[in-house]
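Student: what's the 3D shape of this:
(2 chains)
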Amino acid sequence: MFLSVWNYLRGYVTIELSGFSVERFMNLASHKGIYLWDIKKYKSKIQMKVSIKGFKLLKSCAKKTKCKIVIVEKKGCPFFIHKYRKRKVMAAGVLIFFGLLYFLSSFIWLIEIKGNERIDTEELIKALENYGVKTGVLKMKVNADEVEGFLRDSFPDIAWTAAEIKGTRLTIELTETVEKPLIVDRTTPCNLVAQRTGLIVSVTTRAGTPKVKANDVVKKGDLLVSGEIIIKDDEEGTLKKYVHADADVLAKTRYELSFDQPLYYMEKQYTNNIKKQHAIKIFDKELKLYNKEIDYSHYDKIIDQKQLSLSKYFVLPLYKITYEYREYTPVKHKRTIEEAKQLAEEEIRKKLLEEISDRGEVVSSEIKYYPKEDCLKAKAVFTILEHIEEVQAINREEFEDGANRKNLSDTN
Amino acid sequence: MKNKKTKKQKKEELVQPVSLKEKVTSMLELPKEVVMDYPVISMVGNEELHIENYKGILEYDTERIRICTTHGIIKVEGRSLLLKTMTMEEILIKGIIIKIEFLL
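Tutor: Residues are numbered from 1 along each chain as shown, chains lettered A, B, ... in the order given. Prediction:
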């Protein structure tokens, strides 16, 4: 297999020998180092194959042995090229093909990012684009090491990156840092204020001076626990100390939520009428292969985009796009009140969970329904038991003022 | 009588002398095809015959091929025989081989 391909590339001649001492001719040829192959007898004459170079040397052998050489067939690349030597346009086409191949392979046509979990891929791609690395950029201009450094510098969450250019594909692999645990700085003095309006159920103070007690009603932003501790208060003055207030303040809060559940809903009934349209996208230009009129009044459009590539590493700036249009007829359905109520309750509970997440627990709930013409209005009131404390730094001036006073009192 | 026999043996040895080269090669167990230029013949089934260290071909036909070697003439008989390759050192015969004969 391999040998025959090699012979084809070098070019060979099939010759026919006739004469009395054909064997002598073959011996002579092989002693001269001429490679002969596929020697066979064909109608009292002997056919054999010989390379172009060998054929030129054969003439002297033929003269010596008085054999007659007739060329039967010329095969191989050199003959092929010789045959088409005058077809300049074809030669130009071949040249242009290889030139284009080389030209296109000197760009980056695909950027692949692997290993990111917290960082958005789009964000990374945007950052890279601003840096100057995007699809269609010259490979020469992209320095993999610099790209790595840029990514590490601009995203503190990236611990390690590896950028690699293979063919026309830029692969960026990265590892994210382990998420930092929330460290509460206990050295800065602060107050605790109410996050929401509510009725205090219990106050457990670990640091600071509590300003509210159970059964107090607080508004949002009210001071719950102060970071200011008065150590001494007499004629000489007040001695104050500022701490990082820390307390659990449980309170009952009220959540009012409403939701409109429509009674009618549409259902897509597919008619099995599907129209497909193909298109080719080169860079950003889209070329529809043939126009089809979509005469459906209601349809789903499904877009399937694929990037073409010559090999795994040679991705082309060509996209094959398939549009699929699926016709459907909308059918109107009506829900019963019971169904609507159930759906509305589910929806409201979902909304509530979004707001309180897992901070609090539901103490009581009340949902009222008001049926209307085309929808069911649901109004819910929840009472939630939750932590309402929120850290708020103590005003710097006030704090420094206090500190100075403390110093003063100390010196006194 | 005994003496006479030994003399006869000696005479036979003189008629077919074993060369020093051959003695040395058999003593040192050197490959004969290298030192003595013997032909190396290998076959694949009865379809391929490969001969190294040949001198030249004497006759070629689809039914019979005679090849000259240092060890005499090798006659190959068979059907639809053809010479697949032919270079200075080796020759490859393809076809259905029926008989190989050494003509010393």
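Student: and residue 66, how many neighbours does it have?
Tutor: In the absence of a named chain, this looks at chain A. Here the number of neighbours of A:K66 (other Cβ atoms under 10 Å in any protein chain shown) works out to 11. From N, CA and C alone the C-beta is placed, and that goes for glycine too.
Student: you answered for a different chain; I wanted chain B.
Tutor: By other Cβ under 10 Å, the burial measure for B:R66, its neighbour count, is 18.
Student: for it, give the beta-bridge partners.
Tutor: Beta bridges link B:R66 to B:E59, B:K75, judged by DSSP bridges.
Student: and the pLDDT for it?
Tutor: At B:R66 the predicted local distance difference test score is 94.
Student: isn't it right up against B:I74?
Tutor: Yes. Under the contact definition of Cβ atoms under 8 Å, B:R66 touches B:I74, with a separation of 7.2 Å.
Student: SS state for the closest residue to B:K32 other than its chain neighbours?
Tutor: Counting by Cβ to Cβ, 6 or more residues apart in numbering or on different chains, B:K32 lies nearest to B:Y38, which is 4.8 Å off, once chain neighbours are set aside. Assigned by DSSP: H, G, I helix; E, B strand; the rest coil, the conformation of B:Y38 is coil.
Student: nearest residue to the middle of chain A?
Tutor: With distances taken as Cα atoms, centre = their mean, chain A has A:T121 as the residue nearest its mean C-alpha position (4.7 Å).
Student: in contact with the nearest residue to A:Y328 once chain neighbours are set aside, which residues?
Tutor: By the measure of Cβ to Cβ, 6+ apart, the closest residue to A:Y328 outside its immediate chain neighbours is A:K268, 4.2 Å from it. With contact taken as Cβ atoms under 8 Å, 6 or more residues apart in numbering or on different chains, A:K268 is in contact with A:H298, A:D300, A:Y328, A:T329, A:P330, A:V331.
Student: sorry, back to before: quick check, pLDDT for the residue nearest to B:K32.
Tutor: The pLDDT attached to B:Y38 in the predicted structure is 87.
Student: which residues does it contact?
Tutor: Contacts were defined as Cβ under 8 Å, 6+ apart; by that measure B:Y38 touches B:K32, B:N53, B:T69, B:T70, B:H71.
Student: at 7 Å what do you get?
Tutor: If a contact means Cβ atoms under 7 Å, 6 or more residues apart in numbering or on different chains, then B:Y38 has B:K32, B:N53, B:T70, B:H71 as its contacts.
Student: what are the phi and psi values at A:K312?
Tutor: phi -60, psi -30 (degrees, to the nearest 10).
Student: quick one: it from A:I321, how far?
Tutor: Remark: distance between A:K312 and A:I321 (Cβ to Cβ, to the nearest Å) = 22 Å.
Student: same thing with A:T336?
Tutor: Computed as Cβ to Cβ, the A:T336 to A:I321 distance reads 44 Å.
Student: and these two? which has more neighbours close in?
Tutor: Between A:T336 and A:I321, counting by other Cβ under 10 Å, A:I321 is the more crowded of the two (17 against 9).
Student: isn't that one up against A:Q277?
Tutor: No. The pair A:I321 and A:Q277 does not pass the contact test of Cβ atoms under 7 Å, sitting 8.6 Å apart.
Student: residues of the helix or strand the residue nearest to A:Y328 falls within that come out buried?
Tutor: A:K268 is located in strand A:264-282, with elements delineated by DSSP states H and E. Residues of strand A:264-282 classed as buried: A:Q277, A:A279, A:K281 (neighbour count, 16 or more other Cβ atoms under 10 Å in any protein chain shown).
Student: my read: the last one touches A:I321, true?
Tutor: Yes. Applying Cβ under 7 Å, one finds A:K281 in contact with A:I321, separated by 5.8 Å.
Student: hmm, back to that, and which of the contacts of B:Y38 is nearest to A:N116?
Tutor: Within the contacts of B:Y38, proximity to A:N116 (Cβ to Cβ) peaks at B:N53, which comes in at 67.9 Å.
Student: rewinding a little: show me the contacts of B:Y38 that map onto strands.
Tutor: Of the contacts of B:Y38, none are assigned to strands by DSSP state E.
Student: narrow these to those that are buried.
Tutor: B:N53, B:H71.
Student: how close does the residue nearest to B:K32 get to chain A?
Tutor: Noted for B:Y38: a distance of 19 Å to chain A, by Cβ to the nearest Cβ, to the nearest Å.
Student: give me the phi and psi for that residue.
Tutor: For B:Y38, the backbone dihedrals (degrees, to the nearest 10) come out as phi -70, psi 150.
Student: what residues are bridge-paired with the residue nearest to A:Y328?
Tutor: Beta-bridge partners of A:K268, counted by DSSP bridges, are A:P330.
Student: without its sequence neighbours, what residue ends up closest to the residue nearest to the centre of chain A?
Tutor: A:I113 (5.4 Å).
Student: checking that neighbour next. Helix, strand or coil?
Tutor: Following three-state DSSP, A:I113 is assigned to strand.
Student: so, low pLDDT: which residues of the chain?
Tutor: Assuming you mean chain A. Along chain A, the model assigns pLDDT under 70 to residues A:182-185, A:395-412.
Student: wrong chain, I was asking about chain B
Tutor: With pLDDT under 70 as the threshold, chain B has low-confidence stretches at B:1-17.
Student: from B:L104, how far off is the residue nearest the centre of it?
Tutor: Of all residues in chain B, the one closest to the mean position by Cα atoms, centre = their mean is B:H71, 4.1 Å from it. Counting by Cβ to Cβ, the gap from B:H71 to B:L104 is 8 Å.
Student: ditto for B:E48
Tutor: In this structure, B:E48 lies at 25 Å from B:L104, with Cβ to Cβ as the measure.
Student: same deal with A:T253?
Tutor: In this view, A:T253 and B:L104 are 117 Å apart by Cβ to Cβ.
Student: for stretch A:168-178, buried residues please.
Tutor: Buried residues in stretch A:168-178, counting neighbours by 16+ other Cβ under 10 Å, are found at A:T168, A:R169, A:L170, A:T171, A:I172, A:L174.
Student: ok so A:R118 is a helix residue?
Tutor: No. Under three-state DSSP, A:R118 sits outside any helix and is assigned coil.
Student: OK, contacts around it?
Tutor: Under the criterion of Cβ under 7 Å, 6+ apart, the neighbours of A:R118 are A:D157, A:E176.
Student: contact residues of chain A facing chain B?
Tutor: When proximity is defined by Cβ under 7 Å from any Cβ of the partner chain, chain A lies next to chain B at A:23, A:26-27, A:30-31, A:33, A:35-41.
Student: rerun at 8 Å
Tutor: Listed as neighbours of chain B in chain A under the rule Cβ under 8 Å from any Cβ of the partner chain: A:22-23, A:26-27, A:30-31, A:33, A:35-41, A:46, A:48.
Student: helices - which of these land there?
Tutor: Applying DSSP state H to the residues of chain A next to chain B, the entries found in helices are A:V22, A:E23, A:M26, A:N27, A:S30, A:H31.
Student: which residues touch the residue lying closest to the second one once chain neighbours are set aside?
Tutor: In other words, A:E23. What sits nearest to A:E23 in space, not counting adjacent residues and going by Cβ to Cβ, 6+ apart, is B:I57, at 5.1 Å. Residues in contact with B:I57, defined by Cβ under 8 Å, 6+ apart, are A:E23, A:M26, A:N27, B:I65, B:R66, B:I67, B:C68, B:L83, B:M86, B:I91.
Student: ok, A:Y35 next?
Tutor: When the contact criterion is Cβ under 8 Å, 6+ apart, the partners of A:Y35 are A:V50, A:S51, A:G54, B:T85, B:M86, B:T87.
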